[in-house]
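Participant: Could you look at this predicted model? Sequence included:
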Amino acid sequence: MARLLSRSERLEQSHERWRERRDSAFNGFLEKVGWVYADRATAAKDIARAITILSPGGVIEAISEQPGNFGSVAAGGELHVGALLRGLAELAEAERGLRRAQMALSGRPPTGLELDQ
Amino acid sequence: MSGADDLARYVHQLLAFGMTHEGLEPAERARLAVEAGLMTAKEAARILAFAKTTADMLAHARGSAQWPRLMRAATAAAYVDERSEQSFRRSVGKLWPRPIRIDGKGERWLRDELDAAISGLKTTPGEVVDAADVL
């Protein structure tokens, strides 16, 4: 018979699931950045910096209106902007979920470093 | 640690920082992000600048979307903020474009042509003086 999980074990499992989802969302986001931009790493960093200042919604608007804000758009890259925006929204949601899970686990807001570990 | 790991770590730190400070104004968030060493002041300034450009573009697009592409004289007069339809009509062919004629409907002004006329006011000062005479 399966053992009932304690609250802390459930929270740890939830946290682990959100971390996996976040990592998966990040990989998906990075892949789609590469579909749109010639320099994937530079564009990914630039987009993340913009999220830090503007929020994901502001960055989605900026990409929709002028993809060139975040680096050189690769040949045919415009065709994939929609996919990139969906990837960005998924990443933002996963980061938020991971943050909530971390707070539930520790009882306090996590630092950026804790979210990353 | 690989370059991919470094990139992932940096992006996650940025996103976490953004969530932690999401109640603040962008300029304040930018200042704090620079202080925290997450980006240079130049990078932050560039992001604030293109955000403003994007906001302006969206505001313009939303404003334009509220006006029809084809306008009757009264609508066109309101679009260019003339005092009246008569005042608008007096300037047609001088300050404002001539209408097209649609069978069964009558005269209609094209929003694109009105926009072009307005843009022309800005780029050709001599015409503005003439326009003032007309008005």
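Facilitator: Now that the structure is in, tell me what you want to look at.
Participant: Please enumerate the helices of chain B.
Facilitator: Remark: helices assigned in chain B by DSSP state H are B:3-20, B:26-35, B:41-65, B:73-79, B:85-90, B:111-123, B:125-134.
Participant: Rebuild the ones you listed as JSON lines, extending it with mean neighbour count.
Facilitator: C-betas here are computed from N, CA, C, even on glycine. Shown next, in JSON lines, are the helices of chain B (neighbours: other CB atoms under 10 Å in any protein chain shown):
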{"stretch": "helix B:3-20", "mean neighbour count": "18"}
{"stretch": "helix B:26-35", "mean neighbour count": "17"}
{"stretch": "helix B:41-65", "mean neighbour count": "14"}
{"stretch": "helix B:73-79", "mean neighbour count": "18"}
{"stretch": "helix B:85-90", "mean neighbour count": "15"}
{"stretch": "helix B:111-123", "mean neighbour count": "13"}
{"stretch": "helix B:125-134", "mean neighbour count": "11"}
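Participant: so which of those helices comes closest to chain A?
Facilitator: Closest of the helices of chain B to chain A is helix B:3-20, at 3.5 Å (criterion: CB to the nearest CB).
Participant: The closest one vs helix B:26-35, what angle?
Facilitator: Here the directions of helix B:3-20 and helix B:26-35 differ by 140 degrees (axes from the mean of the first three to the mean of the last three CA atoms, to 10 degrees).
Participant: element containing the residue sitting nearest the centre point of chain A, please.
Facilitator: Compute the mean C-alpha point of chain A, and by CA atoms, centre = their mean the closest residue is A:Leu91, 2.5 Å away. Per DSSP states H and E: A:Leu91 is located in helix A:81-106.
Participant: next one: A:Ile63
Facilitator: Assigned by DSSP H and E, A:Ile63 belongs to helix A:40-65.
Participant: Give me the buried positions along that helix.
Facilitator: Neighbour-count burial for helix A:40-65, with 16 or more other CB atoms under 10 Å in any protein chain shown as criterion, is recorded at A:40-41, A:43-56, A:58-63, A:65.
Participant: Quick one: residues contacting A:Asn69.
Facilitator: Contacts for A:Asn69 (CB atoms under 8 Å, 6 or more residues apart in numbering or on different chains) come out as A:Asp46, A:Ala50, A:Ala62, A:Ile63, B:Phe50, B:Thr54.
Participant: could I get those as JSON lines with distance to B:Asp103 and pLDDT?
Facilitator: Below are those laid out as JSON lines (distance: CB to CB, whole Å; pLDDT from 0 to 100):
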{"residue": "A:Asp46", "distance to B:Asp103": "53", "pLDDT": "94"}
{"residue": "A:Ala50", "distance to B:Asp103": "51", "pLDDT": "94"}
{"residue": "A:Ala62", "distance to B:Asp103": "44", "pLDDT": "89"}
{"residue": "A:Ile63", "distance to B:Asp103": "44", "pLDDT": "91"}
{"residue": "B:Phe50", "distance to B:Asp103": "46", "pLDDT": "88"}
{"residue": "B:Thr54", "distance to B:Asp103": "42", "pLDDT": "84"}
